[in-house]
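Engineer: Here is my input, please return the structure:
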Amino acid sequence: KNSHLLEEFFQSWSNLTPKNNITSKIRERAISYVYDIDVYMKSLILSCMLAFSASATFGQGYQFTEVVTVPATPVKNQAATGTCWCFATTSFMESELLRMGKGTYDLSEMFIVRQKYMNQLQDNYLRRGDGNIGQGSLSHTFMNAYRQVGIVPEEVYTGINYDSEKHNHSEMVRYMHSIADVAVKAKQRSPEYDKLIANLFDTYLGKLPEKFTYKGKEYTPKSFAESLGLNMDDYIELTSFTHHPYYVKFDVEVPDNWEHSLMYNLPLDEMMQTVDYALNNGYTVCWDGDVSEKGFSFTNGVAINPEVKKVEDLSNTDRARFEKLGEKERLEEVFKFERPYPEINVAPEVRQAGFESFVTTDDHLMHLTGIAKDQNGTKYYITKNSWGTDRNKFGGYLNMSESFVRAKTIYVMVHKDAIPKAIKGKLHL
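Structural biologist: Next up is the predicted model:
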């Protein structure tokens, strides 16, 4: 979500040390998705094959069998930006279009991102400079911008108008902060301020299209959005924490909820039940959570939450070996990612403790597109990331264990019809 977090992620992928050398070692190849329809569909099929191979090997010795898979569009690359929130939510909406029978679309993330920056600048100014004008946000930010300005295809607005084949907002955001600071200190936004902001985004992201032609038909951004048939009011954000009452909405206390959007609070088991119900009924899930743990390994294609304090569930051989090791040594063994180990049984109080001690943080948004099981029968969620396809061997996907998701989720977003009837009734939906 933020540049420094992204750099730490790149460090974990590349196994680079020390941290202070990470910036100079970030390397990414560009991933281009300017397709005609034939190439686009071939890429979609390839992505699905990589993600959903019925007996795929993730890491050394992780054998996965798919249980459920829901169609998704090809993996993209947010590159050197903190815009995972938009890539994940856009991917989710593209899967919604597939589910609705609308066909395959490649929607422009940066068209939405630009409007989000405009909304943040407005909020920051009115808060006397105390707002959040970082690159991160959450799924409702996409929906708010979509309602305001509509959307366009990627081919109409790539959001790259600078000398690069990949997204990089580092320089642009520094200029944006400087212009924002001047307005706050002057206690006014002059006509020149408005021109500077517009010119800044035009320079880096490109001028906004007033009209465009797509597949032989002329649209405006709003008329194109209307043609898609997506209703932003159909999508619900759900969370699970014990410091607020269940079945009511509250403002989740994370920095990237700068719009102070309210989310429904569910008991942990019911939040997980909703995720499973959605995926088993042809819906996908937009996921936000913590990826800073050692158990999250994009390189190895897994996110795990291993139990190393108890050894009762281990095989006799592993138990004898683990009993001789301290907790640190056990974790080192598990984080070799050579094979699955038993996972922590995450109760609500365990999850809450992680959140209140700032161990569980709001790091990254991704897209859940299916369910898999490993050779031990442990459940995982097939997860589409937005870090390109060349940083792991699994086409840019990974599998997150049920225990990891229970512990590390900040919130999920689903279509309202993807919520079980009994739970919808408790939420008065």
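Engineer: By mean pLDDT, flag the weakest helix or strand of this protein.
Structural biologist: Sorting the helices and strands of the chain by mean pLDDT, DSSP states H and E puts helix 22-25 at the bottom, at a mean of 36.
Engineer: How about residue 103: what's its closest non-neighbour residue?
Structural biologist: residue 97 (6.8 Å; C-beta to C-beta, 6 or more residues apart in numbering). All C-beta spots, glycine's among them, are computed from the backbone N, C-alpha and C.
Engineer: Could you check which helix or strand contains the one you found?
Structural biologist: helix 84-99 (DSSP states H and E).
Engineer: how much distance is there from that helix to the middle of the chain?
Structural biologist: 10 Å (C-alpha atoms, centre = their mean, to the nearest Å).
Engineer: Next secondary structure element downstream of that helix?
Structural biologist: Defined by DSSP H and E, the subsequent element after helix 84-99 is helix 109-126.
Engineer: From the contact counts, what lies against that next one?
Structural biologist: Helix 109-126 is packed against helix 84-99, helix 139-149, helix 170-186, helix 191-205, with contacts defined by 3 or more C-beta pairs under 8 Å, 6 or more residues apart in numbering; DSSP states H and E.
Engineer: Could you give the average pLDDT over stretch 390-408?
Structural biologist: In this model, stretch 390-408 has a mean pLDDT of 97.
Engineer: Return it as PDB; C-alpha atoms alone will do.
Structural biologist: The C-alpha coordinates for stretch 390-408 follow below in PDB (Å, rounded to 0.1, in the frame of the first residue of the first chain):
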ATOM      1  CA  ASP A 390       7.600 -13.000 -13.000                       C
ATOM      2  CA  ARG A 391       8.300 -12.800  -9.300                       C
ATOM      3  CA  ASN A 392       7.200 -16.300  -8.500                       C
ATOM      4  CA  LYS A 393       6.800 -19.500 -10.500                       C
ATOM      5  CA  PHE A 394       3.000 -19.600 -10.100                       C
ATOM      6  CA  GLY A 395       1.900 -16.900 -12.600                       C
ATOM      7  CA  GLY A 396       1.600 -14.200  -9.900                       C
ATOM      8  CA  TYR A 397      -0.800 -16.300  -7.700                       C
ATOM      9  CA  LEU A 398      -0.300 -17.700  -4.200                       C
ATOM     10  CA  ASN A 399      -2.300 -19.900  -1.800                       C
ATOM     11  CA  MET A 400      -3.100 -18.400   1.600                       C
ATOM     12  CA  SER A 401      -4.000 -20.900   4.400                       C
ATOM     13  CA  GLU A 402      -7.300 -20.700   6.200                       C
ATOM     14  CA  SER A 403      -5.500 -20.000   9.400                       C
ATOM     15  CA  PHE A 404      -3.500 -17.200   7.900                       C
ATOM     16  CA  VAL A 405      -6.700 -15.600   6.500                       C
ATOM     17  CA  ARG A 406      -8.500 -15.900   9.800                       C
ATOM     18  CA  ALA A 407      -5.600 -14.200  11.600                       C
ATOM     19  CA  LYS A 408      -4.500 -11.600   9.100                       C
END
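Engineer: Paired strands for the longest strand along the chain, with orientation please.
Structural biologist: Scanning the chain for the strand with the most residues, using DSSP state E, yields strand 364-373. Strand pairing for strand 364-373, using DSSP bridges, gives strand 62-69 (antiparallel), strand 285-289 (antiparallel), strand 379-384 (antiparallel).
Engineer: on that earlier part again, residues touching the residue nearest to residue 103, list them.
Structural biologist: With contact set as C-beta atoms under 8 Å, 6 or more residues apart in numbering, residue 97 has these partners: 103-105, 228, 230.
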